[in-house]
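Peer 1: Structure of the sequence below:
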Amino acid sequence: METLSTLDVIVRLTYLGAAVTFVLGLHMMGSPRTARRGNFLSAAGMAAAIIAAVVYLVSGEDPHLHVTTWGWVALAGGTVVGGLYGLISARVVEMTAMPQLVSLFNAVGGGAAALVATVDFMDRLAYDQSSMGAEFTVPVTLDILIGSVTFTGSLIAAGKLQGWVPGKPIVFVGSRLLTIVSALASLAAVVWVVADPTLMGLLLLVVAASLFGVLMVLPIGGADMPVVVSLLNAFTGLAVAMAGFVVDNDIMIIAGALVGASGSILTKLMADAMNRPISSIMVGGFGTGDGPADTSAGSGGEARLIGVDDVAIQLAYAEKVIIVPGYGLAAAQAQREAGDLGSMLEEKGISVYYAIHPVAGRMPGHMNVLLAEADVPYTQLKEMDDINPEFETADVALVVGANDVTNPAARRQGNTISGMPILDVDHARSIVVIKRSLGHGYAGLDNELYTDPKTGMFLGDAKTALSDLIAAVKQYAD
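Peer 2: The predicted model follows:
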C-alpha cells in the first residue's frame, strides 16, 4: 500500500475541494442571479489548485519531476504573463467583444493542452520509450487531436466574430474534399502513433488536425456562431481532460470533464433552439455574417416607418412592454440605454420584461451578460418559453436589433429557418423595431415581421434611438 506524505495528502485534498467548487460554481452559473458568485467560486477553486500544484512541484516530493533553471523561469514568466493578460482582458474588453475573447480563451486552452501532451511525448520518445504503451499514447493522441482542432478552429471563430475573417460561409473549390482528407489523415495519424510512436507520426497528427480545425469552421456562417462557440468550448474541456490523463493530474481530468460535459449539453441546447441537428451545423453553409446595410423591405412588402414621437407615445401610455434585445443592441453598445428605458417605464408603473432568445447574439447567454452589466433586474429577464405566452397581453413589443429570432417565416416550411423556435413578437398588440436598416439577418432571409401592419420601423443606431426615446418618453410621461 502506498504511503502518502503529509504534503501529498494536503495537495490531494485541495484538488478534491477545488473539484467541489467547480461543480457548485457550474450549478450556480445556471441562473443569472447566482452566475457571478458561481464564477468567483470556481475561480477561487482553480486558484487553490494552481497554488497546490506549484507548491508540490517546488517541494521535490515527486522524484520524477526535475525542473531546470530555465524551467523555473518559464513557469514564473508564464504564470505572470498569463495571469496579467487574463486579468487585463477581463477588465478592459467590451461586453460586445466577449464572444471573441471566449473564442481566444478556447484556443489557448486547447493549444496549451495539446502542447502539454506534445512535450511529454517527445520527452518519453527521447529518454523513456519503454513507457510509451497504449495507456500513454491513446490519451496523448486524443489530446493532440482535439487540442489542435480546438486551437485553429477557435482562432478562425474569433476572426469571424471580430470581422477579420468574413462572417459568411467560406467554401472554395475542393474545400469539402480537403476537409475529409484532413479528417482521415488525422485519424490515420492517431492509429500510427498509437501503434508505432514516432516523431513523424506526431508531426502528421498536428498538421492534419490543425488543418481540419480551420476547414471545419470556415464554412460555418454567422448564424451558427453561438453553437460553434459552445462546441469549441466543449472541445477545450475534452483536451484538458486528456492532458490530465497524460500527466496524471486529477484536477485537470475533473475540470476538463466538467467543461466538456457542460459544453456538450449547451451545444445541444443551442442546436435545439435553432431546430437544426449539430451535424448540419458543422457541415456549414448557413448564415451570411455581417453584410452591408440593406434598405429593401422584407418579404416583398412595404414597411411602415415611424419617428421617435410615435414610439414614445406608445411606450408612455402602455401598461405592459416587452423589450427584445438582439445583436444590434450589442453592436451599438446600447445595453445601458435599454436598461435605463426599462427602469424609467417601471417608475411610471409600466410592467417591463426582456425577452431572451437562446441564440440571440454571438454566444450562449450573450444578451443575459449584456443586460446584467446594465444592472437590469434578473426578475425581468425571461427566457423564450416563459415570455412567449406574455406577448399576447403586451401593449408594445420593442425589438432592438434582433432579426432572425423574431421572423414569423420560421413557422412555415421551405426556408432556411423553418422550424426554428422564435419569439412570438408578432402576437403583441403593437410592435416597434429599432434597426439600422430593413436588411436581413444572418440567415439571409427577409424578416416578415417588418411588413406586419402592427409593426413600425424606427430606423437608426440602437444607442442613439434609445437615448432619443428616453428623452421623448420623459416628455410625454410628464
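Peer 1: Low-confidence regions, the stretch 51-200 of the chain specifically.
Peer 2: The stretch 51-200 of the chain contains residues with pLDDT under 70 at 62-66, 95.
Peer 1: Just the buried positions in the strand or helix carrying residue 271, please.
Peer 2: Secondary structure assignment for residue 271, by DSSP states H and E: helix 250-274. By neighbour count on 16 or more other C-beta atoms under 10 Å, the buried set for helix 250-274 is 251-260, 262-264, 266-268, 270-271, 273-274. From N, CA and C alone the C-beta is placed, and that goes for glycine too.
Peer 1: which ones are touching residue 4?
Peer 2: residue 12 (C-beta atoms under 8 Å, 6 or more residues apart in numbering).
Peer 1: residues near residue 319, how many?
Peer 2: 11 (other C-beta atoms under 10 Å).
Peer 1: do you know how far it is from residue 345?
Peer 2: 10 Å (C-beta to C-beta, to the nearest Å).
Peer 1: Over to residue 149?
Peer 2: Taken as C-beta to C-beta, the span from residue 149 to residue 345 is 47 Å.
Peer 1: Kindly report the same for residue 23.
Peer 2: For residue 23, the distance to residue 345 - C-beta to C-beta - is 40 Å.
Peer 1: Show me which of those two is the more surrounded one.
Peer 2: Shown here are residue 23 and residue 345; by other C-beta under 10 Å, residue 345 has more neighbours (23 against 14).
Peer 1: I'd say the more buried one and residue 352 touch.
Peer 2: Yes: assessed by C-beta atoms under 8 Å, residue 345 is found in contact with residue 352 at 5.1 Å.
Peer 1: what residues do the two have in common as contacts?
Peer 2: Common neighbours of residue 345 and residue 352, counting by C-beta under 8 Å, 6+ apart, are residue 321.
Peer 1: Specify the beta-bridge partners of residue 433.
Peer 2: residue 399, residue 457 (DSSP bridges).
Peer 1: quick one: contacts for residue 409?
Peer 2: Applying C-beta under 8 Å, 6+ apart, we find residue 409 in contact with 299, 415, 417, 418, 445, 446, 447, 448.
Peer 1: For the fourth one, the count of nearby residues, please.
Peer 2: Same thing as residue 418. The burial count for residue 418: 14, using other C-beta under 10 Å.
Peer 1: wait, it sits on residue 404?
Peer 2: No: between residue 418 and residue 404 there is no contact under C-beta under 8 Å: 11.9 Å.
Peer 1: overlap in contacts of these two?
Peer 2: residue 410.
Peer 1: Was I right to think residue 197 contacts residue 121?
Peer 2: Yes: using C-beta under 8 Å, residue 197 is in contact with residue 121, at 7.2 Å.
Peer 1: what sits in contact with each of these two?
Peer 2: 132, 137.
Peer 1: Compare those two (neighbour count), which wins?
Peer 2: Neighbour tally, residue 197 and residue 121, criterion other C-beta under 10 Å: the higher count belongs to residue 121, 24 against 19.
Peer 1: Distance of the more buried one relative to residue 444?
Peer 2: From residue 121 to residue 444 the distance is 45 Å (C-beta to C-beta).
Peer 1: try residue 347
Peer 2: Where residue 444 is concerned, residue 347 sits at a distance of 41 Å (C-beta to C-beta).
Peer 1: higher neighbour count, these two?
Peer 2: The residue with more neighbours, out of residue 347 and residue 444, is residue 444; 19 against 9, by other C-beta under 10 Å.
Peer 1: Which pLDDT does the model give the more buried one?
Peer 2: At residue 444, the model reports a pLDDT of 72.
Peer 1: For it, give me phi and psi.
Peer 2: Dihedral pair for residue 444: phi 70, psi 20, per degrees, to the nearest 10.
Peer 1: Apart from its chain neighbours, what residue comes closest to residue 90?
Peer 2: Distances taken as C-beta to C-beta, 6 or more residues apart in numbering put residue 101 closest to residue 90, at 8.0 Å, once the chain neighbours are dropped.
Peer 1: Which residues are in contact with residue 37?
Peer 2: Per C-beta under 8 Å, 6+ apart, neighbours of residue 37: residue 28.
Peer 1: Look at it and report its pLDDT.
Peer 2: Confidence score, pLDDT, at residue 37: 90.
Peer 1: low pLDDT regions in the stretch 301-450 of the chain?
Peer 2: For the stretch 301-450 of the chain, the ranges with pLDDT under 70 are 301.
Peer 1: Looks like residue 348 contacts residue 316 (just checking).
Peer 2: Yes: under the criterion of C-beta under 8 Å, residue 348 makes contact with residue 316 at 7.4 Å.
Peer 1: Tell me which of these two has more neighbours.
Peer 2: Remark: of residue 348 and residue 316, residue 316 carries more neighbours, 18 against 15, as counted by other C-beta under 10 Å.
Peer 1: quick one: contacts for the closest residue to that one other than its chain neighbours?
Peer 2: Leaving aside its sequence neighbours, residue 316 sits nearest to residue 476 (C-beta to C-beta, 6+ apart; 4.0 Å). Listed by C-beta under 8 Å, 6+ apart, the contact partners of residue 476 are 312, 313, 316, 317.
Peer 1: repeat for residue 253
Peer 2: 241, 244, 245.
Peer 1: Swap in 6 Å and give it another go.
Peer 2: 241, 244 (C-beta atoms under 6 Å, 6 or more residues apart in numbering).
Peer 1: distance of it from residue 16?
Peer 2: Taking C-beta to C-beta, one finds residue 253 at 12 Å from residue 16.
Peer 1: ditto for residue 262
Peer 2: 20 Å.
Peer 1: Same check on residue 201?
Peer 2: 37 Å.
Peer 1: Same check on residue 227?
Peer 2: 34 Å.
Peer 1: Compare these two (neighbour count), which wins?
Peer 2: More crowded of residue 227 and residue 16, by other C-beta under 10 Å: residue 227, with 25 against 13.
Peer 1: Within the helices and strands, which one has the more buried one?
Peer 2: Residue 227 belongs to helix 225-247, assigned by DSSP H and E.
Peer 1: That helix: which residues count as buried?
Peer 2: Quick answer for helix 225-247 (16+ other C-beta under 10 Å): 225-246.
Peer 1: Report the angle between it and helix 250-274.
Peer 2: Counting by axes from the mean of the first three to the mean of the last three C-alpha atoms, to 10 degrees, helix 225-247 lies at 160 degrees to helix 250-274.
Peer 1: List the contacts of helix 225-247.
Peer 2: Under C-beta under 6 Å, 6+ apart, the answer for helix 225-247 is 106, 109-110, 113, 116-117, 120, 139-140, 142-143, 146-147, 150, 153-154, 157, 220, 252-253, 256-257, 259-260, 263-264, 266-267, 270-271, 281, 359, 362-364.
Peer 1: what do you get for stretch 329-344?
Peer 2: Contacts of stretch 329-344 (C-beta under 6 Å, 6+ apart): 96, 352, 361, 370-371, 374, 376, 400-401, 461-463, 466-467, 470.
Peer 1: In stretch 381-398, which residues are buried?
Peer 2: Neighbour count says stretch 381-398 has 381, 382, 384, 387, 388, 390, 391, 394, 395, 396, 397, 398 buried, by 16+ other C-beta under 10 Å.
Peer 1: Let me have the residues you listed in CSV, adding secondary structure and distance to residue 175 as columns.
Peer 2: Shown next, in CSV, are those (DSSP: H, G, I helix; E, B strand; the rest coil; distance: C-beta to C-beta, whole Å):
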residue, secondary structure, distance to residue 175
381, strand, 40
382, strand, 41
384, helix, 35
387, helix, 40
388, helix, 39
390, helix, 45
391, helix, 42
394, coil, 46
395, coil, 50
396, strand, 46
397, strand, 41
398, strand, 42
